[in-house]
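[1] sequence and computational prediction follow.
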Amino acid sequence: MLVMTAEEIKDFMRESFPQARMPIEIEELRDGFLRIRLEVTNRYLRPGDTVSGPTLMTLADTAMYYLLLGMIGPVALALTTSLNINFLRAPKLGDIVAEAEMLKLGKRLAVGQVTMYSEDGNDPVAHATVTYSIPPV
């Protein structure tokens with residue numbers, strides 16, 4: 001069950017993490033699932049006009065954090081304990097869509113997976129598993 005809306009997550013991020021300024025839009029949020037879109041600009045490209053690995057890692061982490069916020073509420077001190085990413089193919093030039101799925105939500109740990117696609121949505125460009133630590137209440 002969701003406890004925060006997409007708009008509440010955006011407000012929370014703006015207030016709690018003003019330094020997080022990636023142009024990310026939440027496209028879908030429901031229990032256990034989130035889809036976000038990163039507007040790719042030159043800032044996120046590496047030589048060869050492809051989206052950089054660090055950008056994809058940040059997008060995966062952000063997707064999982066937004067999903068976690070949606071499911072547990074505004075917990076600023078929830079933090080990444082593990083992020084494993086596989087780069088599958090070079091993204092096409094354009095926006096990147098990330099789909100996050102919660103695999104397990106416990107009292108202290110949350111485990112999820114994030115699959116990222118070029119905006120055409122065909123073949124995945126990267127896949128990550130992400131674990132978050134949830135602080136005691």
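    It's in.

[2] which one is Thr41 nearest to, not counting chain neighbours?
    Of all residues beyond its chain neighbours, the one nearest Thr41 is Pro23 (7.2 Å), with distances taken as Cβ to Cβ, 6 or more residues apart in numbering. C-betas here are computed from N, CA, C, even on glycine.

[3] what about the nearest residue to Val114 once chain neighbours are set aside, distance to Leu45?
    Spatial nearest neighbour of Val114, excluding adjacent residues (Cβ to Cβ, 6+ apart): Ala60 at 4.2 Å. Distance, Ala60 to Leu45, using Cβ to Cβ, to the nearest Å: 18 Å.

[4] quick one: low-confidence parts of the protein?
    Within the chain, no range satisfies pLDDT under 70.

[5] would you map the strands across it?
    Assigned by DSSP state E, the chain shows strands spanning 24-30, 33-38, 45-46, 50-51, 79-87, 96-105, 109-118, 124-133.

[6] between the longest helix along the chain and strand 33-38, how many degrees?
    Secondary structure of the chain per DSSP state H: the longest helix is helix 53-72. Computed by axes from the mean of the first three to the mean of the last three Cα atoms, to 10 degrees, the angle separating helix 53-72 from strand 33-38 equals 140 degrees.

[7] list the buried residues in helix 53-72.
    Residues of helix 53-72 classed as buried by neighbour count (16 or more other Cβ atoms under 10 Å): 55-72.

[8] which other helices and strands contact it?
    helix 6-16, strand 24-30, strand 33-38, strand 79-87, strand 96-105, strand 109-118, strand 124-133 (3 or more Cβ pairs under 8 Å, 6 or more residues apart in numbering; DSSP states H and E).

[9] residues touching Thr55, list them.
    Taking Cβ atoms under 8 Å, 6 or more residues apart in numbering as the criterion, Thr55 is in contact with 38, 44, 96.

[10] please redo it, this time with the cut-off set to 7 Å
    Contacts for Thr55 (Cβ atoms under 7 Å, 6 or more residues apart in numbering) come out as Tyr44.

[11] spatially nearest residue to Leu103, not counting backbone neighbours?
    Nearest non-adjacent residue to Leu103 (Cβ to Cβ, 6+ apart): Val111, at 4.8 Å.
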